[in-house]
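Enquirer: need a 3D model of the following:
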Amino acid sequence: MDLTVLQSRFERRHPRSKSFYEKALLSTPGGVHGNLRHYPPFPLTFEKAQGAYLTDADGHVYVDYFLSYGALILGHGDPAVRMAVQEVWEQQGTSSFGAPHPLELEMVDTLKSLLPSLESVRFTNSGLEATLLSVRLALAYTGRTHLAKFEGHYHGSHDHVLISIHPAEAPHEARRPAPKAASFGLPDYFTDHTIVLPYHDWDACEDILNQHKTEIGAVIMEPMMAGFVPADPGMVKRLREWTSQHGVLLIFDEVKTGFRVSLGGAQEYYGVKPDLTTLGKVVGGGFPIGVVGGRRDILDLCSPLRSGQPLFHSGTFNGNPVSLAAGLATLRQLRQPGFFDNMVKSAMKLRDAIESLSQAYNAGWSTLGVGTIFNLVDTATDPQGTAKTARRLALDYLLMEQGVFSKPLNRFSMASVHGPQEIDQTISAFERAFAELTGRHLRS
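Expert: Below is the predicted model:
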C-alpha cells in the first residue's frame, strides 16, 4: 500500500493535532520536547487518558499499548496510584522535601526484596540519569578508562552511551562494529573510549573484549535489546563469567525490562547477577524516577561518609515522595498472586492471535518478546531497509485508524487494564489492517 496515501488519510483525520503541531513548530525545535516523540507527518496530540484508552485532540479513542514508553503498567489513572499520590499531599503535604523521608526506605526495601542483586540503592530522576551514574561509578571503581556497550542498545541520551545505538546494516560490520556517535556534538573522547560489541555473536564479542581487557572498566547492556529482543542465555552467562574473571563490572540496564520481563527483571529470567542495575519507567508508577542499585562496595563510592573525596551524585528531586508513593502502589499490585502472570497470559493471547491472522492473510509479521513486552517482526522475504520501515509505518497508520496506538515503530507494552474487551478490539484492528495491506477480504 502507498505510504503517502495513508499519511494523507492520517492528516485529514487529525486536523487539530496538525494545528497543535504547526503552532509548536514556531517555538519548539521540531515541534516536540524529545526527538523520539516525532513521527511523520506529525505526532498526535493527546488530551485525555483513562485505563487502557487514550483520546487525541480530534476525539479519536485508542487502546493504548504505548503506555508512556511502557511506564504505565497499570494503565492510566489507576485508582491505587491516584490514592497513593493524594495521600502524599494529605500526609506529607509536599511534592518534594529535597531531604530524607520514610518512603525512601520503604522503596529501597521493596526493590531489594524483588531484585536480590541490589545490596545498596541510589535514586535518580530518570533512566538516563541512572545509566549516567552507573557508568561513573563503574569506571571510578575499576580505575579504567573504557566502557563497552552493545551495538543497537540504547541507554539514554548522555554522551557516554549515545554511541552505536542502531544495529549495523552492512554485514562486514556486524562482527567488528566501530563506535559511531549517534549525534553530532559528542566529543571524540567518548567514541575513542567506547568499545562496541556485537549482540548476537559471543565468539566475536569475546575476541573484542580480550583485546581490550585491561582498558575496559564496565560492560553495560540491555539484557533484552530495546526491551523485547532477548540475548542468548548462554551468551549472558559467559559474559558474566568473563567480566568477573577480568575485574570488569557488568551493568544491566533494566529501565525497560524491570518488572516487565518478570518481577525480578531480566536478571531473574537469565539467572545472572549483575554488579549494577539501572531501573526506571515502571518503578515510578507513571512519575519520573531512576534507580541505580547493586554491590554495596561500588555504591559506597558516592557516600558522603567515604574517607577522601566521594564520587559526586545529587539531585533536587531524587526520591521525591510523589514518585515513590506511585511506584510503591504499583509494585504492591504487581506482587499480588497471579497479577503479573495474568498480564503475561493476555500478552500471549494477543501475540498468538496476531501471528495467526498474519499467517491467514499472508501479511508477513510475527511477534518477539518476553513477559509483558513484545514487538512486531517483519518476516516478509522481499522488503529490506527502508522498505521494511515503510511496511511497519503503513501497518501502524492502519492500526491507528482502527483505534490501536503503540506509537509508530514502537514496541507494544501490556497493562493490567488490557482485558478481554481490549484484546478482542485489538485483534479486530489487526485483522482489518492486514486485510487492507494485503488486499484480501475479511474472513467471515
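
Enquirer: can we go C-alpha only for contacts and neighbour counts from here?
Expert: Noted.

Enquirer: quick one, domains of this structure?
Expert: What automatic domain parsing lists as the domains of the chain is 3-77+337-438, 79-334.

Enquirer: on the three-state scheme, the residue lying closest to Leu249 once chain neighbours are set aside is what?
Expert: Spatial nearest neighbour of Leu249, chain neighbours left out: Ala218 (4.5 Å); criterion: CA to CA, 6 or more residues apart in numbering. For Ala218, the assignment made with DSSP: H, G, I helix; E, B strand; the rest coil gives strand.

Enquirer: ok, now which ones touch the most centrally placed residue in the chain?
Expert: The centroid of the chain falls nearest to Lys256 when counting by CA atoms, centre = their mean (3.2 Å). By CA atoms under 8 Å, 6 or more residues apart in numbering, the contact set of Lys256 is 70, 226-227, 279-281.

Enquirer: could you verify that it is part of a helix?
Expert: No. If the criterion is three-state DSSP, then Lys256 is coil and not within a helix.

Enquirer: quick check, Thr55 in a helix?
Expert: No. When classified by three-state DSSP, Thr55 is found to be strand rather than part of a helix.

Enquirer: phi, psi for the residue lying closest to it once chain neighbours are set aside please.
Expert: Of all residues not flanking Thr55 in the chain, Val61 sits nearest, at 4.5 Å (CA to CA, 6+ apart). Main-chain dihedrals, Val61, degrees, to the nearest 10: phi -110, psi 140.

Enquirer: how about the strands in the stretch 101-250 of the chain?
Expert: In the stretch 101-250 of the chain, the strands defined using DSSP state E, counting those that start in this stretch lie at 120-124, 146-150, 194-197, 216-221, 224-225, 229-230, 249-253.

Enquirer: thinking again about what came up before, would you list the domains of the chain in a markdown table and tack on mean pLDDT?
Expert: Putting the domains of the chain into a markdown table (pLDDT from 0 to 100) gives the following:
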| stretch | mean pLDDT |
| --- | --- |
| domain 3-77+337-438 | 96 |
| domain 79-334 | 96 |
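
Enquirer: who touches Gly247 in this structure?
Expert: Contacts for Gly247 were tallied using CA under 8 Å, 6+ apart; they are 142, 217.

Enquirer: and it, how far from Val292?
Expert: Distance, Gly247 to Val292, by CA to CA, to the nearest Å: 20 Å.

Enquirer: ok, Arg122 next?
Expert: In terms of CA to CA, Arg122 sits 5 Å off from Val292.

Enquirer: of the two, who's got more company?
Expert: Just comparing Arg122 and Val292: by other CA atoms under 10 Å the higher neighbour count belongs to Val292, 26 against 22.

Enquirer: ok, that one - contacts?
Expert: 121-124, 130-131, 133-134, 276-279.

Enquirer: do you know how far it is from Phe430?
Expert: Separation of Val292 from Phe430 (CA to CA): 39 Å.

Enquirer: and Asn35, by the same measure?
Expert: To Phe430, Asn35 is 28 Å away according to CA to CA.

Enquirer: kindly report the same for Pro102.
Expert: Distance from Pro102 to Phe430, by CA to CA: 47 Å.

Enquirer: and those two? which has more neighbours close in?
Expert: Comparing Pro102 with Phe430 by other CA under 10 Å, the one with more neighbours is Phe430, at 22 against 8.

Enquirer: what helices or strands is the host helix or strand of that one leaning on?
Expert: If you go by DSSP states H and E, Phe430 is part of helix 420-438. Packing contacts for helix 420-438, counted by 3 or more CA pairs under 8 Å, 6 or more residues apart in numbering; DSSP states H and E, involve helix 339-361, helix 386-401.

Enquirer: can you give me the neighbour number for Arg335?
Expert: Counted with other CA under 10 Å, residues neighbouring Arg335 total 13.

Enquirer: could you find the closest non-adjacent residue to it?
Expert: Nearest in space to Arg335, with sequence neighbours left out and distances taken as CA to CA, 6+ apart, is Leu263 at 7.7 Å.

Enquirer: what residues are up against the one you found?
Expert: By CA under 8 Å, 6+ apart, the contact set of Leu263 is 114, 334-335, 340.

Enquirer: again, 10 Å this time
Expert: Leu263 sits next to 114-115, 257, 269, 331, 334-335, 340-341, 371 when contact means CA atoms under 10 Å, 6 or more residues apart in numbering.

Enquirer: ok, now Val135?
Expert: Counted by CA under 10 Å, 6+ apart, Val135 has contacts 141, 147, 160-161, 217-220, 249, 251, 276.

Enquirer: coming back round to it: from the contacts of Leu263, which land in helices?
Expert: Cross-referencing the contacts of Leu263 against helices under DSSP state H gives 114, 269, 331, 334, 340-341.

Enquirer: columns neighbour count and distance to Pro79 on top of those, output as TSV?
Expert: TSV is the format used below for these (neighbours: other CA atoms under 10 Å; distance: CA to CA, whole Å):
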residue	neighbour count	distance to Pro79
Leu114	17	23
Tyr269	15	30
Leu331	23	14
Leu334	20	14
Phe340	22	18
Asp341	16	21
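
Enquirer: determine which two of those are furthest apart.
Expert: Between any two of those, the greatest separation by CA to CA is 18.1 Å, found for Tyr269 and Leu331.

Enquirer: most widely separated two among the contacts of Val135?
Expert: Farthest apart among these by CA to CA are Tyr141 and Val161. That separation is 18.2 Å.

Enquirer: please say which of these two ends up with more neighbours.
Expert: Between Tyr141 and Val161, Val161 has the larger neighbour count (other CA under 10 Å), namely 26 against 19.

Enquirer: wait, the more buried one sits on Tyr154?
Expert: Yes. Contact criterion CA atoms under 10 Å: Val161 and Tyr154 qualify, at 7.4 Å.

Enquirer: find the residues that touch each one of those two.
Expert: Leu128.

Enquirer: what sits against the residue nearest to Gly419 when sequence neighbours are not counted?
Expert: Residue nearest to Gly419 in three dimensions, not counting chain neighbours: Ser346, with 7.5 Å by CA to CA, 6+ apart. Residues in contact with Ser346 (CA under 10 Å, 6+ apart) are 352, 371-372, 414-416, 418-420, 423.

Enquirer: let me know the closest of these to Trp365.
Expert: The nearest member of these to Trp365, counting by CA to CA, is Asp352 at 11.5 Å.

Enquirer: burial count for the residue nearest to Thr55?
Expert: Around Val61 there are 20 other residues, counting by other CA under 10 Å.

Enquirer: circling back to that earlier point, now do the residue nearest to the centre of the chain against Phe339, distance only.
Expert: Distance check for Lys256 against Phe339: by CA to CA, it reads 19 Å.

Enquirer: just the C-alpha atoms of the one helix or strand Leu6 maps to, please, in CSV.
Expert: Using DSSP H and E, Leu6 maps to helix 3-13. Output of helix 3-13 as CSV, limited to C-alpha atoms (Å, rounded to 0.1, in the frame of the first residue of the first chain):
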residue,chain,number,x,y,z
LEU,A,3,2.5,5.1,2.3
THR,A,4,1.7,8.6,1.1
VAL,A,5,-2.0,7.7,0.8
LEU,A,6,-2.0,6.6,4.4
GLN,A,7,-0.2,9.7,5.5
SER,A,8,-2.8,11.8,3.7
ARG,A,9,-5.6,10.0,5.4
PHE,A,10,-3.8,10.5,8.7
GLU,A,11,-3.6,14.3,8.1
ARG,A,12,-7.3,14.5,7.2
ARG,A,13,-8.3,12.6,10.3
